[in-house]
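# Need a 3D model of the sequence below.
(2 chains)
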Amino acid sequence: MSSRLLWAYPSDFRRRYGDELLATMAEVSGGRAPGLAARAHLVAAGVRQRFRVPLRPWAILAAVLAMVAVGAAGAAGGRWLGWQTGADVPSRDGMRALTDSMGVYWPELYDQRTAMGGPSAWAIANGPEIDDRARAALTADGWRITAYTTVSSAILTDVSTEPFASVPARNVMFEAAKDGLALRGDSLTGAGRTSLRVDVVADEAWAVRPFTVGGLALGALVGWLVAVALISRVRRGDRSHRRLAAARTAVVFTAGAVPVFELYRVFVRTLTYDSAAANPTYVLEGQAPAALLVAGTSIALLALAALVLVADRGSRGASAPAPSAA
Amino acid sequence: MTVSVAFRLMREPTFLILTALAAEPSHGYGVIRAVEGLSEGEVVLRPGTLYGALDRLTDEGLVEVDREEQVDGRLRRYYRLTSGGAAALAKEATRLRRHADAAELRLGGFGNPAVAS
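Next up, the predicted model:
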């Protein structure tokens, strides 16, 4: 009887019970090949075994924490994947070409992500006083203008006088759309100068929210399965291996706590983001320091690698249940 | 709390596997046949279920490996009840007996419906 029948079981279980399970199956079936129902049951039992965690508080806690942590990473991965189905904002060269065509050169360029994780490109440029060319430039670039407002305003030139001295100015605000992108901009022209700001944000891609939630579910599932596999290996080891594994597990979860918490904040921001709002929202404050996130993630991953090593070594020392002294 | 409840409420296959091993050590196929006999054919364990249960019971310290044999080139591993397993089985048997006694007492007014039907 082939050991391929046991493919659904975790490798650790196959190593411990595989031979005798197949021998027992052969005895049950009288030496004949197992039928479809027997094979299906074996697959179901193997899958069940992959999910089974020992009924010990520390094991259940570790599996739940792993589910929470990997779920957070899965949500972040799902969100990233979701945005891959959306439109790309113009490159820096593209943004530069756009502001050039509006008659203002050498822009400062910024790439950002909205609070939902969508791509965004900013250009801020200053130049000499010129006629408004935004409408013509946008139309020539294929943008559909959805709002265009020109307002007469003033630029203060001296605040030491009463009333303040000022010169007339022109304020233009515009919005446009093209191929899954939304553009917002404004310019102020007067006193011999023009300042221009343009930002382009990708519309919400249909896949972002479902992929984020799906990533969370998939990550949680993977986290549980990995935890069960590691717990299964660790508990076969001797006491020193188990202690070492417990210490490394504590390091993994302690170091990973802040990055995982931050990932859940990102998750909540993603799902509660208002894509219909007049302006995109960015995250400007309240994030954990980047150094803490990088350090926490690095330490957690290193400790996880060390945990896998010790779990593997521990289980190799006890590959099958041995007869006990009576 | 969940853990203690799970240990206290022994599922029927577990109860029958421990009962099968109470008399003497047995290998997998022997346990399957013994359970079938003990339950008068009501519970037929499949190998996948049996070894999942044996793994859990070994982990919980209720069962341990007694010896290994090679029969016709096949591995036969014999399992036996530990003292902890015997205590758990005895406790469960007492609990079930208490429930059965209580049920029979309350059914007194009905004669014996199990026999009547």
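# Let me know whether stretch A:15-30 sits next to chain B.
Yes: with CB under 8 Å from any CB of the partner chain as the criterion, chain B is reached by stretch A:15-30 at A:16-17, A:19-21, A:23-28. (C-beta placed from N, C-alpha, C; glycine too.)
# Could you dump those residues into CSV with secondary structure added?
Putting those into CSV (DSSP: H, G, I helix; E, B strand; the rest coil) gives the following:
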residue, secondary structure
A:16, helix
A:17, helix
A:19, helix
A:20, helix
A:21, helix
A:23, helix
A:24, helix
A:25, helix
A:26, helix
A:27, helix
A:28, helix
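# what's the closest of the residues you listed to residue B:53?
Residue B:53 lies nearest to residue A:17 out of those, by CB to CB, at 11.2 Å.
# Which member of the residues of stretch A:15-30 next to chain B is positioned nearest residue A:233?
Nearest to residue A:233 out of the residues of stretch A:15-30 next to chain B is residue A:16 (CB to CB; 11.0 Å).
# where does residue 104 land in three-state SS?
Assuming you mean chain A. Residue A:104 ends up coil, using three-state DSSP.
# Let me know how buried it is, in neighbour terms.
Around residue A:104 sit 24 other residues, with neighbours defined as other CB atoms under 10 Å in any protein chain shown.
# separation between it and residue B:93?
Taking CB to CB, to the nearest Å as the measure, residue A:104 falls 89 Å from residue B:93.
# what do you get for residue A:237?
35 Å.
# ditto for residue B:76
Using CB to CB, residue B:76 is found at 28 Å from residue B:93.
# Which residues of chain B lie near chain A?
Counting by CB under 8 Å from any CB, chain B sits next to chain A at B:2-3, B:6-7, B:27-29, B:32, B:46-52, B:54-56, B:58-60, B:64-68, B:74-77.
# Please say which of residue A:237 and residue B:93 ends up with more neighbours.
Applying other CB under 10 Å to residue A:237 and residue B:93 shows that residue A:237 carries more neighbours, namely 21 against 15.
# In which helix or strand does the closest residue to chain A within chain B reside?
As assessed by CB to the nearest CB, chain A sits closest to residue B:48 within chain B, at 2.8 Å. Using DSSP states H and E, residue B:48 maps to helix B:47-59.
# how about the CA coordinates for stretch A:79-89, as CSV?
Only the C-alpha atoms of stretch A:79-89 are listed here, as CSV (Å, rounded to 0.1, in the frame of the first residue of the first chain):
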residue,chain,number,x,y,z
ARG,A,79,-4.1,45.0,-0.1
TRP,A,80,-1.0,45.3,-2.2
LEU,A,81,-2.3,42.7,-4.6
GLY,A,82,-5.6,44.5,-4.8
TRP,A,83,-3.9,47.7,-5.9
GLN,A,84,-2.1,45.9,-8.7
THR,A,85,-5.5,45.7,-10.4
GLY,A,86,-5.8,49.5,-10.3
ALA,A,87,-4.4,52.3,-12.5
ASP,A,88,-0.8,53.5,-12.2
VAL,A,89,-0.3,57.2,-11.5
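# Can you give me the pLDDT of the residue in the stretch 101-250 of chain A that chain B sits nearest to?
Closest contact between the stretch 101-250 of chain A and chain B, by CB to the nearest CB, is at residue A:235 (7.0 Å). Residue A:235 carries a pLDDT score of 81 in this model.
# Find the nearest non-adjacent residue to it, please.
Of all residues not flanking residue A:235 in the chain, residue A:54 sits nearest, at 6.5 Å (CB to CB, 6 or more residues apart in numbering or on different chains).
# show me what contacts that neighbour?
Shown in contact with residue A:54 (CB atoms under 8 Å, 6 or more residues apart in numbering or on different chains): A:231, A:235, B:56, B:59.
# Report how many residues lie close to the residue lying closest to the third one once chain neighbours are set aside.
Leaving aside its chain neighbours, residue B:56 sits nearest to residue A:52 (7.2 Å; criterion: CB to CB, 6+ apart). For residue A:52, the tally of surrounding residues (other CB under 10 Å) stands at 17.
# what's the distance between residue A:61 and residue A:305?
Taken as CB to CB, the span from residue A:61 to residue A:305 is 21 Å.
# In the helix or strand where residue A:73 lies, which residues are buried?
Using DSSP H and E, residue A:73 sits in helix A:57-83. Residues of helix A:57-83 classed as buried: A:59-60, A:62-63, A:65-79, A:81-83 (neighbour count, 16 or more other CB atoms under 10 Å in any protein chain shown).
# angle of it against helix B:47-59?
Here helix A:57-83 points in a direction 130 degrees away from that of helix B:47-59 (axes from the mean of the first three to the mean of the last three CA atoms, to 10 degrees).
# Any buried residues in the following helix or strand past helix A:57-83, and which?
Tracing the chain past helix A:57-83, the next element assigned as helix or strand by DSSP H and E is helix A:92-101. Within helix A:92-101, the residues that qualify as buried are A:95-96, A:98-100, counting by 16+ other CB under 10 Å.
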